[in-house]
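Student: Quick one, structure for this:
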Amino acid sequence: MLQTFLQQFIPAMEQAVTLGVPLGVLFAILRRLPFPIYQRNYGTALKWGFWLSIALVAARVGTKNAVSREGVEAGAIAIAVLAEIFCVVFLLKKNDLEKVFSSPFRYSVCIIGLLLFFYHGIEVWLIPAGTLIAAAGEYYTAQVAVKLAGFLAGLLFGTIASVIAYQAAAALNDRRLTFVFVVQAAAMLVQQGIFLIQVMMARQFIGSGTLLSFMAPIIDHSSWLIFIIFFALLFVPLTLFSQKRPTRPVDMNPADFRRMLMKALHKRRWGTATMVVLIAMVLLSSFGSSYANKKEELVAAVNVLAENGSVDVPLTEVNDGHLHRFAYQAANGTKVRYIVILKGGNSYGVGLDACDICGPTGYYEKDGQVICRLCDVMMNKATIGTKGGCNPIPLEHKVEDGKLRVPQEALEKASDVFR
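Tutor: As a prediction, this is how the structure comes out:
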């Protein structure tokens, strides 16, 4: 159950932090400006991004993936990249944030808020949507409850971490706050640039030959890109810790100065809190992710041969209530795997070692339960042999003369599933 919990917790946490930290740092900048219209417009943009992300996920699920997520996300990120570059250049040219007022800057800030929330919102909402789709109508199970709890906990933890990072950023002076935003923007641009290159390669807008050797290791280790965001987040507390303590003005009495020092000390505590949550997130995204994504080794399938048009397995070999895996070599050389399990009485669940959703990744038995190796969905034994959800693809069979017989023709047809 812990593994299942972490499989939802970690991606929800990572998406929440990737979204929340840069938006929080940008909001800290906007709060410095003596122009309330910035904050109002920014808040409106975030709301639009939130609702648009939900609308697109709903449309995608409702149309069974007919809506192109890849194209929409790439377009949003491309526009966001331009807005981020403009904001970085604009802020670097300004020495005093309080004097910043520019309509292009205001529009760029709103574009960043809307499109980042839209893009990462899609990634966030697809996590619980995938859980509910895989449940195939069986929503009131412990498996679904643990997954949804993991998602909500990860989202909450990531949100809290983002709020803490915002408070630490808000304690910085103008120059240091601008520096932190530039670092955050640089980290985002690296991630976004890699994503856009992947999309353009997939759509053949750019030739993949020259870039493949460079992009292949990045794509293979795409889960490591979150550490770019963590590295950028590290600059928030480090910049705060290196900020000089306030000096006493000549006309300030000692009591007021002590209060000033206590306030500065309180602000530094947000830096300490940021370090704590950052360490926790690094551990979760490294060791926790390694544990969560560890795949169970499948028991080797027993090779079987067809005789007289069918593959026969004695019932005495499969009537113990445990999962049994068999492999038949089709005429085209493909190994066709299928599973057999006694459901109760004289009823057997027979299906391919593959499903329509996850493909031929296989099933394993753990604590008396049959579980999909890819998505960790726990099967109801009574439903094995029936089509739907993450259930094994049903396989024609019959029980007679003390044997479980699978037609050779059915196995030959199933070879396409395992190619």
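
Student: quick check: domain ranges of this protein?
Tutor: Domains of the chain are assigned by automatic domain parsing as 2-292, 302-418.

Student: Give the residue spans of the stretch 1-150 of the chain that score low on pLDDT.
Tutor: 64-68, 95-101, 136 (pLDDT under 70).

Student: swap in the stretch 251-400 of the chain?
Tutor: 252, 256-257, 260-261, 264, 295-297, 367.

Student: could you pull out the strands for it?
Tutor: 302-304, 310-314, 324-329, 335-344, 347-352, 363-366, 369-372, 378-379, 398-400 (DSSP state E, counting those that start in this stretch).

Student: of all the ones you listed, which lies closest to Leu19?
Tutor: Closest of those to Leu19 is strand 369-372, at 29.5 Å (criterion: CB to CB). In this view, the C-beta of every residue, glycine as well, is placed from N, C-alpha and C.

Student: Quick check: buried residues in the closest one?
Tutor: For strand 369-372, a neighbour-count test (16 or more other CB atoms under 10 Å) marks Val370, Ile371, Cys372 as buried.

Student: for that strand, packing partners?
Tutor: In this structure, strand 369-372 makes packing contacts with strand 363-366, strand 378-379, judged by 3 or more CB pairs under 8 Å, 6 or more residues apart in numbering; DSSP states H and E.

Student: quick one on the thing from earlier: looking at the strands of the stretch 251-400 of the chain, which is nearest to Lys387?
Tutor: strand 347-352 (9.0 Å).

Student: which one is Ile122 nearest to, not counting chain neighbours?
Tutor: Once flanking residues are discounted, Ile122 sits nearest to Ser53: 4.9 Å by CB to CB, 6 or more residues apart in numbering.

Student: ok now do the one you found, which residues does it touch?
Tutor: Phe117, Phe118, Tyr119, His120, Gly121, Ile122, Val124, Trp125 (CB atoms under 8 Å, 6 or more residues apart in numbering).

Student: Adding distance to Thr4, write the strands of the stretch 251-400 of the chain out as JSON lines.
Tutor: Below are these laid out as JSON lines (distance: least, CB to CB, whole Å):
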{"stretch": "strand 302-304", "distance to Thr4": "29"}
{"stretch": "strand 310-314", "distance to Thr4": "32"}
{"stretch": "strand 324-329", "distance to Thr4": "23"}
{"stretch": "strand 335-344", "distance to Thr4": "21"}
{"stretch": "strand 347-352", "distance to Thr4": "22"}
{"stretch": "strand 363-366", "distance to Thr4": "11"}
{"stretch": "strand 369-372", "distance to Thr4": "10"}
{"stretch": "strand 378-379", "distance to Thr4": "9"}
{"stretch": "strand 398-400", "distance to Thr4": "34"}
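
Student: Any idea which of the ones you listed gets closest to Lys147?
Tutor: Of the strands of the stretch 251-400 of the chain, the one closest to Lys147 (CB to CB) turns out to be strand 378-379, at 10.5 Å.

Student: how far is that closest one from where the chain is centred?
Tutor: 22 Å (CA atoms, centre = their mean, to the nearest Å).

Student: Just checking: what are the partner strands of it?
Tutor: strand 369-372 (antiparallel) (DSSP bridges).

Student: With only the CA atoms kept, save the partner strand in PDB.
Tutor: Taking Å, rounded to 0.1, in the frame of the first residue of the first chain, the C-alpha atoms of strand 369-372 are listed here in PDB:
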ATOM      1  CA  GLN A 369      -4.200 -10.700  -5.000                       C
ATOM      2  CA  VAL A 370      -3.600 -10.500  -8.800                       C
ATOM      3  CA  ILE A 371      -2.000  -7.100  -9.600                       C
ATOM      4  CA  CYS A 372      -1.100  -5.400 -12.900                       C
END
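
Student: what does it rub up against?
Tutor: Against strand 369-372 from outside (CB under 8 Å, 6+ apart): 296, 323, 339, 341, 355, 358, 361, 363-365, 377-379, 381, 384, 390.

Student: Whichever of those end up buried, select them in ChimeraX.
Tutor: To isolate the buried ones among the contacts of strand 369-372 in ChimeraX, judged by 16+ other CB under 10 Å, type:
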select :323,339,341,355,358,363,364,365,377,378,379,381,384,390
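
Student: Closest one to Tyr140 out of the contacts of strand 369-372, please.
Tutor: Met378 (13.2 Å).

Student: so that closest one touches Thr141, yeah?
Tutor: Yes: at 7.3 Å, Met378 counts as touching Thr141 under the criterion of CB atoms under 8 Å.

Student: On the three-state scheme, Leu404 is what?
Tutor: strand (DSSP: H, G, I helix; E, B strand; the rest coil).

Student: and it, what is it in contact with?
Tutor: Leu404 touches Asp312, Val313, Pro314, Leu315, Val318, Val340, Tyr348, Val350, His397, Lys398, counting by CB under 8 Å, 6+ apart.

Student: ok, so of those residues, who is nearest Arg419?
Tutor: Nearest to Arg419 among those, with distances taken as CB to CB, is Val350, at 21.2 Å.

Student: distance of the nearest residue to the closest one once chain neighbours are set aside from Val340?
Tutor: Once flanking residues are discounted, Val350 sits nearest to His397: 4.5 Å by CB to CB, 6+ apart. As judged by CB to CB, to the nearest Å, His397 and Val340 stand 8 Å apart.

Student: what touches both of the two?
Tutor: Tyr348, Val350, Leu404.

Student: mind listing what Thr178 touches?
Tutor: Ile29, Leu91, Leu92, Lys94, Leu97.

Student: sec struct for the fourth one, please.
Tutor: The one in question is Lys94. Assignment for Lys94 (three-state DSSP): coil.

Student: how many other residues sit next to it?
Tutor: For Lys94, the neighbour count with other CB atoms under 10 Å is 14.

Student: Distance of it relative to Ser103?
Tutor: From Lys94 to Ser103 the distance is 15 Å (CB to CB).

Student: before we move on, back to that, same list, the contacts of Thr178, but as JSON lines with distance to Ser108 please.
Tutor: As requested, those are exported to JSON lines (distance: CB to CB, whole Å):
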{"residue": "Ile29", "distance to Ser108": "12"}
{"residue": "Leu91", "distance to Ser108": "10"}
{"residue": "Leu92", "distance to Ser108": "14"}
{"residue": "Lys94", "distance to Ser108": "14"}
{"residue": "Leu97", "distance to Ser108": "15"}
